[in-house]
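J.: What shape does this take:
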Amino acid sequence: MRAAAAGREAEVTRQQRALVERGAEGRAEKMQMLYDYLTGPEFRNRVAGFVEALAGMHGDFEREKRATMTMWKRREKILNRAPGNVTAVERERRDGPAVLPRRLPAREKLDVSEAR
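T.: Down below sits the predicted model:
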């Protein structure tokens, strides 16, 4: 039994060695092909195309971001002016010419959320 087991182990070792040798065959050629591809114009063009696409997308994003921020700032200024205008109207009513009534008639509360 020991002899049979030793024979099987020797056969497995030979098979493993054969697999390793087959894998090593053409290894230098495969390495050269890989090197040629990585240093060649085809790979360089693919990488350049990828980088160009990312740069374009980044530029589009930055332009959109600036436009959105500009729009938000404009809206914020408008919203910030509104309370001042209401205060000015009240001040003019209170301190203004005598033709304006000192007391305005009762009115319903204005709900901005319903105006949308």
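J.: which stretches of this structure form helices?
T.: For the chain, helices defined by DSSP state H occupy the ranges 2-24, 27-39, 41-95.
J.: least reliable of these going by mean pLDDT?
T.: For the helices of the chain, mean pLDDT drops lowest on helix 2-24, to a mean of 74.
J.: how big is the angle separating that helix from helix 27-39?
T.: Per axes from the mean of the first three to the mean of the last three C-alpha atoms, to 10 degrees, the angle that helix 2-24 makes with helix 27-39 is 30 degrees.
J.: Output the contacting helices and strands for helix 2-24.
T.: Helices and strands in packing contact with helix 2-24 are not found; criterion 3 or more C-beta pairs under 8 Å, 6 or more residues apart in numbering; DSSP states H and E. Quick note: C-beta positions are derived from backbone N, CA and C, even for glycine.
J.: Turn the helices of the chain into JSON lines, including mean neighbour count.
T.: Compiled in JSON lines, the helices of the chain are given as follows (neighbours: other C-beta atoms under 10 Å):
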{"stretch": "helix 2-24", "mean neighbour count": "9"}
{"stretch": "helix 27-39", "mean neighbour count": "10"}
{"stretch": "helix 41-95", "mean neighbour count": "10"}
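J.: can you pull the contacts of R81?
T.: The contact partners of R81, taken as C-beta atoms under 8 Å, 6 or more residues apart in numbering, number zero.
J.: how distant is stretch 75-91 from the center of its chain?
T.: 37 Å (C-alpha atoms, centre = their mean, to the nearest Å).
J.: typo on my end, stretch 9-17
T.: 54 Å.
J.: can you list the residues that contact it?
T.: Taking C-beta under 8 Å, 6+ apart as the rule, stretch 9-17 contacts no other residue.
J.: Stretch 50-66 too?
T.: By C-beta under 8 Å, 6+ apart, no surrounding residue is in contact with stretch 50-66.
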